[in-house]
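J.: The sequence and its predicted three-dimensional model are supplied below.
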Amino acid sequence: MSKPNLEVKIGSMVMKNPVTVASGTFGYGPEYADLVDLNRLGAITVKGICPDETIGNPTPRTFETRGGMLNAIGLPGPGAQGFIDKYIPFLSQYDVPVIVNIWGKSMEDYGTVVEMLDAEDTVSAYEINLSCPNVKEAGSAFGTDTDSFSRVIELVRGKTKKPIIPKLAPNVSDIGAFAKAAEEAGADAISIMNSYPAMAINIETLKPELANRTGGLSGPPIKPIAIKLVWDAFKATTLPIIGMGGIYEPEDAIEFMIAGATSVAVGTANFTDPSTVDRVIAGIEHYLVEKEHRSAFDIVGTVKT
Amino acid sequence: MKQEIATVVEHHNFQGEYRILRLAAPEIGPVVKPGQFLHLLIPQLGDRVLRRPFSIYKADTEGVSILYKPVGRGTDSMRPLHVGDTVDIIGPLGNGYPELTEGKFPVLVAGGYGNAALYLKAKELPAKGVAFFGGRTAEDILCVDEFKELGWEVRPTTNDGSLGIKGLVTTDFDPWMAEQDIQSLELFVCGPGPMLKAMGERAIEHDFTAWLSMDENMACGVGACLTCVIKRKITDGWEWARCCTDGPVFESREILWNE
């Protein structure tokens, strides 16, 4: 039997396979280049970029929990110009689409960062961070209210022809409403989910384990939450979905696709085992062969309910 | 930096509660520089997802070894590792200690098993100097004979006086330092935070160089997650520096200590 076609499309962006990485878990690319063949990825999703350089949160910024971890890194980064100067020359060497995660302290910032980045051919698409649980300005204000959510997407839509992918907050009562709002505002896809707002407390010091007090839970504990959100969103929109949350094994990624995700992102697992992305890509291909599918897209949303 | 599935070739008690783990790692072993570390995925750690960083004690063309003490969930879970088991490691990581500046006199300072991170440096340094090792008790002072065999003068201090001078490393170091050509000293330091800070303060006050190996919690170990950041001084203030990739070794003047 011939090899199945692993290619998927997110708007006009073609991914050679459905697998990317979750923003913030893979740096800007060079950090993992010794350990992962970057050309093997469907796309590289880089850490969040806003117009200006930012320092992020104080330490401690992460805390390991049973099965996963909390983070409150707070989006430190080089800013749009810093990203262009420091990372575009590196990323342009690879034959792989680059998804730039963007965020802003104000609504205007989302437009500004796209204006600053859009001339770069290496930037293939934008993931719009509307759901960071650790930065007040970039967090719930835009991600948990459909009106401001739509306004940010419309603003970004007006600045670029490249695919735009709002990243949805998990802590909303009706994810379908956000999926529909994204579609109506002109998004090309949506990504689900960001880490889940969470907290851990040290029982000796009585202090929260994170300097930011609260953070976002990631890793295998959130996978079933993410699967349901993807399934709910799939029923509400025709937009492609990038599914993520606790993918450690190929089977996890396949489950996301069956729930409705066209593409998937490996996140926390990059820290545990940088070879996860490679294993997940190989595992998806193996599953497609075994089930006699001709393309990755054949299994998307095939859950029987 | 490589990821390697390494086979356990040796794992047993070393001294007191301290244990040695030697791994066959022909990819990583030959490229290790003194002061670098490994990021180890502990196989028996069950539902914990993060790797644990360990200073590299010895390295050669065939593999690497680490010294550790079971002090927490991670290191406790390493006990059942047997010869023949495999361990997933990433390394070597970090910048390691720099070359000794020409004309300087090398001094090693370690707290507890921090001296494991200094062994390769001690072996590599062209000139042999003085090694100050501090610990709670005699049991916490490791590898004295090994450093002596390399030609170093080893000066132990213990909190209870069970080996060497009673007190902290500084109890012995300070009077010794006062008798030296202080500005010719170059320190290579590894140990607990307060000791690093104490040596760093002396370096600045007395105008000598001190290379401090900083120890912070890590997640990725490769510079991506920005968990292990410390404040590094720059001309107009400070910036975050990653212990995993910008460090772990920093010169004392680079570090802005938390209040």
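T.: Received the coordinates, thanks.
J.: B:Phe147 reaches B:Asn115, doesn't it?
T.: Yes. When contacts are counted by C-beta atoms under 8 Å, B:Phe147 is listed as touching B:Asn115 (7.3 Å). From N, CA and C alone the C-beta is placed, and that goes for glycine too.
J.: Which residue of those two possesses the greater neighbour count?
T.: A count of neighbours by other C-beta atoms under 10 Å in any protein chain shown puts B:Asn115 above the other of B:Phe147 and B:Asn115, at 30 against 22.
J.: what touches both of B:Phe147 and B:Asn115?
T.: Counting by C-beta atoms under 8 Å, 6 or more residues apart in numbering or on different chains, the shared contacts of B:Phe147 and B:Asn115 are B:108, B:131, B:133.
J.: export those to JSON lines and tack on secondary structure, pLDDT and distance to A:Cys50?
T.: Converted to JSON lines, the shared contacts of B:Phe147 and B:Asn115 look like this (DSSP: H, G, I helix; E, B strand; the rest coil; pLDDT from 0 to 100; distance: C-beta to C-beta, whole Å):
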{"residue": "B:Leu108", "secondary structure": "strand", "pLDDT": "97", "distance to A:Cys50": "44"}
{"residue": "B:Ala131", "secondary structure": "strand", "pLDDT": "97", "distance to A:Cys50": "48"}
{"residue": "B:Phe133", "secondary structure": "strand", "pLDDT": "97", "distance to A:Cys50": "47"}
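J.: And the pLDDT for the closest residue to chain A within the stretch 101-250 of chain B?
T.: Across the stretch 101-250 of chain B, no residue is closer to chain A than B:Ala224, which sits at 3.5 Å (C-beta to the nearest C-beta). As predicted, B:Ala224 sits at a pLDDT of 97.
J.: Leaving out sequence neighbours, find the closest residue to it.
T.: Using C-beta to C-beta, 6 or more residues apart in numbering or on different chains and skipping the chain neighbours, the partner closest in space to B:Ala224 is A:Gly27 (3.5 Å).
J.: residues touching the one you found, list them.
T.: Here A:Gly27 is in contact with A:46-47, B:222-225 (C-beta under 8 Å, 6+ apart).
J.: Of the shared contacts of B:Phe147 and B:Asn115, which is the most crowded?
T.: Among those, B:Phe133 has the most neighbours (other C-beta under 10 Å), with 29 neighbours.
J.: Now do the contacts for that one.
T.: Applying C-beta under 8 Å, 6+ apart, we find B:Phe133 in contact with B:108, B:110-111, B:115, B:141-142, B:144, B:147, B:154-157, B:169.
J.: ok, now how distant is it from B:Met195?
T.: 11 Å (C-beta to C-beta, to the nearest Å).
J.: Residues of the stretch 101-250 of chain B that sit close to chain A?
T.: Counting by C-beta under 8 Å from any C-beta of the partner chain, the residues of the stretch 101-250 of chain B close to chain A are B:216-217, B:219-227, B:229-230, B:239-240, B:245.
J.: so A:Glu127 touches A:Pro97, yeah?
T.: No. Look at A:Glu127 against A:Pro97 with C-beta under 8 Å: they stay out of range, at 11.7 Å.
J.: More neighbours: those two, which one.
T.: A:Glu127 (28 against 22).
J.: any idea whether that one is helix, strand or coil?
T.: At A:Glu127, secondary structure determined by DSSP: H, G, I helix; E, B strand; the rest coil is strand.
J.: Burial check on B:Val31, number of neighbours?
T.: B:Val31 has 13 neighbours, counted by other C-beta under 10 Å.
J.: likewise A:Lys105?
T.: Neighbour count for A:Lys105, taken as other C-beta under 10 Å: 16.
J.: Thank you, goodbye.
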